[in-house]
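K.L.:
Everything below, folded, please.
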Amino acid sequence: MATKKACERFIEEVHKYGDMKQTGVSLRYMLEFGSVPSDRNMIIAAQFLHKELPIRIARRAVELDSLPFGLSNKPAVLKVRDWYLDSFRDLRSFPEIKDINDEKEFTQMIKMIKVRHNNVVPAMALGVQQLKKSLDPKLDYEDFDEVHQFLDRFYMSRIGIRMLIGQHVEVHDPNPPPNRIGYIHTKLSPTQVAKDASEDARYVCLREYGSAPEINIYGDPSFTFAYMPTHLHMMVFELVKNSLRAVQERYMDSDKVAPPIRIVVADGEEDVTIKVSDEGGGIPRSGLPKIFTYLYSTADNPINERLDDGAGADVVTMAGYGYGLPISRLYARYFGGDLQIISMEGYGTDAYLHLSRLGDSQEPLP
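P.N.:
Model (predicted):
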């Protein structure tokens, strides 16, 4: 009887926290706070996370329970919900943080939480796939508007939670690499990141198709700004991978040489913009609204049904969940940027990745 009561009390607490107001932070705040990792600052940061993380995690747990089309009951989604409830329980049962020893223990605990949530994206992708299998195939992707809006909120929130935990954990590194404050590189060269991401994408293309188009990059390698290298690499990699695939498939059986992909890095007052242009035949206008949805992929779906063993967390395939573009756009928007795709059917596609360089924009809290 007591366990049933305890269970009800726990769910009540989750709902109570799910209704609380979230507090956003900016890139600049993360930089300023992390640049002086004194004991006092670390304790203040841990106290903030101790209060903030349960609110963010509870919100998602509540939402995971009330999804349309029965998505909440799909086995993969139930698993994700349980991860969120376990993390909420861990955070709420951690005592108040009073000194640096408490802070160190708390940091170890949130590190574990971050690992627990490693497979959330493939698990949710699997849940959506389980949903698609059970529904009428004639349903149009527009009918799933509610699902798309939920997934946008859910993944944006996940980016924020991982950013806050990751930044706090990384700031503890006793020997940080030069110009690094936690996750943030204070002198990041977008041209260099574009070069590295392009090489990685070309390698995947070569592995998949046996050949890959050339990539030409235009930008000043010595120009730098403060940004997250992992986020930027992931976004550029995704855009270049899509372009390589489009060009490769268009010219595979042709005797013409595949035209190169062009990457331009522009340094503006407000934004750093990276443009990825290809001549891969473009996307029909009717298809453009679909490219930022989660239920649409032109490629075969390689989602792994085994989610317990950490498999699938970082496996990169040439075309995956159909999630690359919508999630890249969320990463761009997280720090005040955006991602736009402009296409000419019969010719090619231009992707514009805008990155806000002011660092003042607050997290967009869903």
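
K.L.:
Grab the nearest non-local neighbour of Met344.
P.N.:
Closest residue to Met344 in three dimensions, ignoring its sequence neighbours and counting by Cβ to Cβ, 6 or more residues apart in numbering: Gly282, at 4.9 Å. (Glycine included, C-beta is placed from N, CA and C.)

K.L.:
Oh, that last question was meant for Ser87, not what I typed.
P.N.:
Take Ser87 and drop its neighbours on the chain: the residue closest to it by Cβ to Cβ, 6+ apart is Ile113, 4.6 Å away.

K.L.:
separation between that neighbour and His168?
P.N.:
Note on Ile113: its distance to His168, by Cβ to Cβ, to the nearest Å, is 11 Å.

K.L.:
again, but for Ser243
P.N.:
Taking Cβ to Cβ as the measure, Ser243 and His168 are separated by 36 Å.

K.L.:
and what of Arg60?
P.N.:
With the distance defined as Cβ to Cβ, Arg60 ends up 19 Å from His168.

K.L.:
quick one: which of the two has more around it?
P.N.:
Between Arg60 and His168, counted using other Cβ atoms under 10 Å, His168 has the larger neighbour count: 27 against 24.

K.L.:
Pull out the buried positions in the helix or strand containing the more buried one.
P.N.:
Taking DSSP states H and E as the definition, one finds His168 inside helix 145-170. Counting neighbours by 16 or more other Cβ atoms under 10 Å, one finds that the buried residues in helix 145-170 are 147-148, 150-170.

K.L.:
Check the closest residue in space to Val265 that isn't next to it in sequence and give its pLDDT.
P.N.:
Take Val265 and drop its neighbours on the chain: the residue closest to it by Cβ to Cβ, 6+ apart is Gly219, 2.9 Å away. At Gly219 the predicted local confidence, pLDDT, stands at 95.

K.L.:
OK, contacts around Gly219?
P.N.:
Gly219 makes contact with 190-191, 194, 263-266 under the criterion Cβ atoms under 8 Å, 6 or more residues apart in numbering.

K.L.:
same check, this time on His15
P.N.:
By Cβ under 8 Å, 6+ apart, the residues touching His15 are 58, 62.

K.L.:
run the last query once more with 7 Å
P.N.:
Under the criterion of Cβ atoms under 7 Å, 6 or more residues apart in numbering, the contact list for His15 reads Val62.

K.L.:
Can you give me the buried ones in the helix or strand hosting it?
P.N.:
Taking DSSP H and E as the definition, one finds His15 inside helix 2-18. Taking 16+ other Cβ under 10 Å as the neighbour-count basis, helix 2-18 is seen to contain the buried residues 14, 17-18.

K.L.:
Walk me through the domains of this protein.
P.N.:
For the chain, automatic domain parsing gives the domain ranges 2-178, 183-356.

K.L.:
how far does the last one stretch from start to finish?
P.N.:
With Cα to Cα, to the nearest Å as the measure, domain 183-356 spans 17 Å from end to end.

K.L.:
for stretch 24-37, same thing?
P.N.:
By Cα to Cα, the extent of stretch 24-37 from end to end equals 20 Å.

K.L.:
which residues of the protein fall in helices?
P.N.:
Taking DSSP state H to define them, one finds helices in the chain at 2-18, 27-34, 39-64, 75-92, 100-116, 120-134, 145-170, 190-209, 229-251, 324-334.

K.L.:
State the distance from Leu71 to Arg40.
P.N.:
When distances are taken as Cβ to Cβ, Leu71 and Arg40 turn out to be 45 Å apart.

K.L.:
the more surrounded of these two?
P.N.:
Here Leu71 and Arg40 are set side by side on neighbour count (other Cβ under 10 Å), and the busier one is Leu71, at 23 against 10.

K.L.:
Now the more buried one: closest residue in space that isn't a chain neighbour?
P.N.:
Once its chain neighbours are removed from consideration, Leu71 has its nearest residue in Leu131; the separation is 5.1 Å (Cβ to Cβ, 6+ apart).

K.L.:
what separates the one you found from Leu151, distance-wise?
P.N.:
For Leu131, the distance to Leu151 - Cβ to Cβ - is 11 Å.

K.L.:
likewise Pro229?
P.N.:
Summarising the geometry, the distance separating Pro229 from Leu151, computed by Cβ to Cβ, is 26 Å.

K.L.:
Ile291 now?
P.N.:
The spacing between Ile291 and Leu151, counted by Cβ to Cβ, is 14 Å.

K.L.:
how much space between the closest residue to Lys79 other than its chain neighbours and Ala76?
P.N.:
Of all residues not flanking Lys79 in the chain, Ala123 sits nearest, at 5.8 Å (Cβ to Cβ, 6+ apart). Separation of Ala123 from Ala76 (Cβ to Cβ) stands at 5 Å.
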